[in-house]
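Asker: coords please:
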Amino acid sequence: MGNPVKNFFAHVFNGEITEALKSVQPDCVFEAQGPNNVPIYGIFKGHDGVKDFLSILSELFDTENFECRQWAEADNYVFSYGYMQHRVKKTNKVFKSEWALVCQTENGLIKSYKMFEDTAALQAAYL
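Answerer: Below is the predicted model:
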C-alpha cells in the first residue's frame, strides 16, 4: 500500500477526493492549528470532516506551489516537511510558508493529520 499520506496527497492534487478518502480511516481527525478567524483552522472529524477541510482549502486558495521536501516514517507515524504558496482568493494576497506534517497511521491508513505552518503569515494574507 505504501505511504498513505503520499497516496492521499497524490489523489487530492488530481482532484480525486473519493480515492483520497481511501487512504484515511473513517474515524480520522484532521487538525490545523491557528486563529479561529481563518476558516481552515480547526478540527475536522471523519470522512465528512476531511471533505469539509478540502472544500475549505479549495474555497480559500489558489495553490501556486506545494512541495513535499522530506519524508520520514517511524512506527505508526509519517512525517513530512515542505513549502507552500497559496493565493488567498478573498484578498488576492500570497501566503507563503514552510510547513510540517505529522500523521499517525493505523492499518495502512491515516488516523490523525496535524499540519503546522506560519499561522501569522496566513492570517495577514487572509485579513
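Asker: mind listing the helices for this structure?
Answerer: Listed in chain order, the helices of the chain (DSSP state H) span 4-13, 17-21, 46-60, 119-126.
Asker: For the last one, list the C-alpha coordinates in CSV.
Answerer: Right, the one you point to is helix 119-126. The C-alpha trace of helix 119-126 is given here as CSV (Å, rounded to 0.1, in the frame of the first residue of the first chain):
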residue,chain,number,x,y,z
THR,A,119,-0.2,30.9,11.0
ALA,A,120,0.6,34.6,11.3
ALA,A,121,1.5,34.8,7.6
LEU,A,122,-1.8,33.2,6.7
GLN,A,123,-3.8,35.4,8.9
ALA,A,124,-2.0,38.5,7.4
ALA,A,125,-2.8,37.3,3.9
TYR,A,126,-6.4,36.3,4.8
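Asker: Residues touching it, excluding its own?
Answerer: The contact list for helix 119-126, computed with C-beta atoms under 8 Å, 6 or more residues apart in numbering, reads 33-35, 37-38, 40-41, 60, 86, 88, 90-91, 93-97. Using the backbone N, CA and C atoms, a C-beta is placed for each residue, glycine as well.
Asker: Also the second one?
Answerer: Contact partners of helix 17-21, identified using C-beta under 8 Å, 6+ apart, comprise 7-8, 11-12, 47, 50-51, 54.
Asker: Stretch 51-59 too?
Answerer: For stretch 51-59, contacts defined as C-beta under 8 Å, 6+ apart pick out 12, 17, 20-21, 30, 32, 39-40, 44, 89.
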